[in-house]
Structure formats: structure tokens, C-alpha cells
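> The following comprises the amino acid sequence and a computationally predicted model.
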Amino acid sequence: MFRVVVLISGTGSNLRALLQACTAAEYPAEIVAVGADRDASGLAHAAEFGVPTFTVNYRDHASREEWGAALSEQLRAYAPDLIVLSGLMRLLPAAVVDEWSPRIINTHPAYLPEFPGAHGVRDALAAGVTQTGATVIVVDSGIDSGPILAQERIAVAADDTEQTLHERIKPVERRLLIDVVQRIAAGEALV
């Protein structure tokens, strides 16, 4: 079976959707562990599905590089075929990206290359665009600059707030993520 480790920082709504997808007998991947960079409430989803968890707290390390070394050590213990960043709100150090690339993917709540960075939804609203989107990319050394694996446009409503727009983007992100992981596990996507 194709082995996936998911990394989170928060509530893990994309993680939960991927965990549910992995319960289907025909889905070609399994989540072998879920890790976090802090005490993340989303780890409860993994526990509910019987998936091991680990935390490599960023604040327990003197530098981003030391944190990255500890993270890679944990990842190696699970021998993943793919690492999914699912709301991990921390940039991976170059050494982590170099070790695991191109086997790291990330979701982003914008139609990349538009609105990269931590505030894609807010930035789209501030720009006054009529469309934004959701994207799944391969993680590289830049900020949301890796090869695009899937993306879809989403209309911005005139009365959208950051929260309402983000809530409409999330289901699309989840669907794209589940599809991309399935295609990668089946050998149909580049990674």
C-alpha cells in the first residue's frame, strides 16, 4: 500500500477528509502517521481513525533547521511514499524539502500562482478579484511556487468575507487533495 504521512498545524479538516477517503477499500493509499508542529486539535482525527501521531514542536528547537532535522527524523521512521502538508502553517527548511522532494505536496486556498503565501483568501478579497480558487502543488524551496498538480476556480461573491470565501474553498481543496493523492498512489501523477 502507498504510505502517506500528513503534517498539520490546526484543526485538520482536509486531514479528516483524506482519512475518510483512505477507508475505502479501492483507495490506493493509507495514512500511516499524522504529525504536527504544535499541539494541534486535528491530531484527534488521526486518533479517531487509529492512525499514529507525533508532534515535533517548533518551539522546542533553537532554529528552524534543528526543527527540520527533528521532523525529518520522525518522517523517516514512517517511511512515507508521500508527505501531505494539510494546513501546516510553517515553511519547511531547505534540508527537509531537499530530502523529500518531490514527494511533498500542499494544498493552497487560491488559484496559484495568484495569491501565494499564508493569506491567500484575504489577499484575493483585498485585490477585488471575481474568482480565486484552490490548488494542490508539489512543495519546492519557494513559497507556493512548486509544480501545480490540480486546481479549480471558485467565484468570489460580492458579499464574501474571508471566512465565507474560505468555507467555500475548503470542499474544493479536499476533493482536489483526495484526487491528487489517489492519482499519485496509482502512478498517474508526477511526483
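Looks like it came in fine.
> report the longest helix in this structure, please.
Criterion DSSP state H: the longest helix present in the chain is helix 162-185.
> List the neighbours of stretch 180-191 that are in contact with it.
Stretch 180-191 has contacts (C-beta atoms under 8 Å, 6 or more residues apart in numbering) with 2, 4, 18, 21, 27-29, 81-82, 84, 102-103, 105, 136, 138, 147, 149-150. Glycine gets a C-beta too; all of them are placed from N, C-alpha and C.
> So which of these belong to helices?
18, 21.
> sorry, back to before: so how far is the longest helix of the chain off the chain centroid?
Helix 162-185 sits 10 Å away from the centroid of its parent chain (C-alpha atoms, centre = their mean, to the nearest Å).
> Do I have it right that residue 19 meets residue 53?
No: applying C-beta atoms under 8 Å as the test, residue 19 and residue 53 come out as separate, 11.8 Å apart.
> Neighbour count: those two, which is higher?
Under the criterion of other C-beta atoms under 10 Å, the comparison of residue 19 against residue 53 puts residue 19 first, with 20 against 17.
> Find the nearest non-adjacent residue to that one, please.
Among residues not flanking residue 19 along the chain, residue 49 sits closest, at 4.6 Å (C-beta to C-beta, 6 or more residues apart in numbering).
> count of neighbours near that neighbour?
Around residue 49 there are 16 residues (other C-beta under 10 Å).
> Please list all residues in contact with the closest residue to residue 23 other than its chain neighbours.
Sequence neighbours aside, residue 49 is the residue nearest to residue 23 in space, at 7.5 Å (criterion: C-beta to C-beta, 6+ apart). Neighbour list for residue 49: 19, 22-23, 31 [criterion: C-beta under 8 Å, 6+ apart].
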